[in-house]
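K.L.:
Got a sequence here, can you build the structure:
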Amino acid sequence: MQPEPEVVPEWTGAGLLRGKAAIITGGDSGIGRAVAVAYAREGADVGIVYLEEHEDAQETRRLVEREGTRFAAVAGDVGDEAFCREAVRTLAGEFGRLDVLVNNAGEQHLQQRLEDVTESQLVRTFKTNIFSLFFMTKAALDHLEAGSSIVNTASVTAYRGSPALIDYSSTKGAIVAFTRSLALQLVDRGIRVNAVAPGPIWTPLIPSSFDPKGVEAFGKDVPMKRPGNPVEVAPAYVYLGSAWSSYVTGQTLHVNGGSVING
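P.N.:
Numbers count the residues shown, from 1 in each chain. Got it, this is the predicted structure:
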């Protein structure tokens, strides 16, 4: 990608996640990689789950370990519940604990007409983008204790829609409802559940999804007139994963370059 997405924070860590362990799905690149590095900068051991981009996962390993914390990775399909159970068991076992789950894995496929959204695409998008949250969270609840946090990646499209991403936008709307509902269910267990709704963020998902004209125009329709970088989204995940947000649950933070959101 040109330019390369910025994923390494400039701030000095404050130990906000020192002694904690996190699992991040889709942690091999983009927002997931930026969150992994930011969590490591704040002192957390980081486990990532990714599909098959092994070289990307190794780069995330390099960046996390450079921060001085432990790293582990498991490759597989988060749309498969059995895999999610095994991934959580492996990563939580590696670190001896689990304090933060970041459900970030996602995929999108542009289609200009609803009639062109095939059954296989619809099922694939829903399995990756929303079924995985059920699967990963169910497995993680065996390890999360009071004071733990779950952070889900929603999207501005959940609130504003997207005519060429109807199935993707639908899953992101479901993530908002999942976040609000699960927060109510888990509040008595002391586990907080929140979400981040990024706007246009410059990640590998963009050039792989859009044609050259779409890539050129990407992000120019927001008030800041540019796409954000993953490193600009990561602080929201740090906040929601740390004790700084101890009185926040069931909420969605909008990191979108100034777009006004209702709902």
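K.L.:
Could you list the buried residues of the helix or strand of the chain with the lowest mean pLDDT?
P.N.:
The weakest-scoring helix or strand in the chain, judged by mean pLDDT, DSSP states H and E, is helix 205-209 (a mean of 74). Going by neighbour count (16 or more other Cβ atoms under 10 Å), the buried part of helix 205-209 is Leu205, Ile206, Ser209. (Each C-beta comes from the backbone N, C-alpha and C, glycine too.)
K.L.:
Can you list phi and psi of the closest residue to the second one other than its chain neighbours for me?
P.N.:
Of all residues beyond its chain neighbours, the one nearest Ile206 is Phe218 (5.7 Å), with distances taken as Cβ to Cβ, 6 or more residues apart in numbering. In terms of degrees, to the nearest 10, the main-chain angles of Phe218 are phi -60, psi 130.
K.L.:
separation between Phe218 and Asp45?
P.N.:
From Phe218 across to Asp45, the span is 34 Å (Cβ to Cβ, to the nearest Å).
K.L.:
cool, Pro198 as well?
P.N.:
For Pro198 relative to Asp45 (Cβ to Cβ), the value is 25 Å.
K.L.:
the more surrounded of Phe218 and Asp45?
P.N.:
Neighbour totals were compared for Phe218 and Asp45, and Asp45 leads with 24 against 17 (other Cβ atoms under 10 Å).
K.L.:
List the residues that contact that one.
P.N.:
Asp45 makes contacts with Lys20, Ala21, Ala22, Thr69, Arg70, Phe71, Ala72, Phe95, as judged by Cβ atoms under 8 Å, 6 or more residues apart in numbering.
K.L.:
try Glu119
P.N.:
Contacts of Glu119 (Cβ under 8 Å, 6+ apart): none.
K.L.:
in the stretch 101-250 of the chain, what spans have low per-residue confidence?
P.N.:
Along the stretch 101-250 of the chain, segments meeting pLDDT under 70 span 208.
K.L.:
in it, which spans are strands?
P.N.:
149-153, 192-198 (DSSP state E, counting those that start in this stretch).
K.L.:
Nearest to Ser169 among those strands would be which one?
P.N.:
Counting by Cβ to Cβ, Ser169 lies closest to strand 192-198 out of the strands of the stretch 101-250 of the chain; the figure is 11.5 Å.
K.L.:
and that closest one, what does it pack onto?
P.N.:
strand 149-153, helix 166-186, helix 230-241, strand 252-255 (3 or more Cβ pairs under 8 Å, 6 or more residues apart in numbering; DSSP states H and E).
K.L.:
ok, so of the buried residues of helix 205-209, who is nearest Gln251?
P.N.:
Among those, and counting by Cβ to Cβ, the member closest to Gln251 is Leu205, at 24.4 Å.
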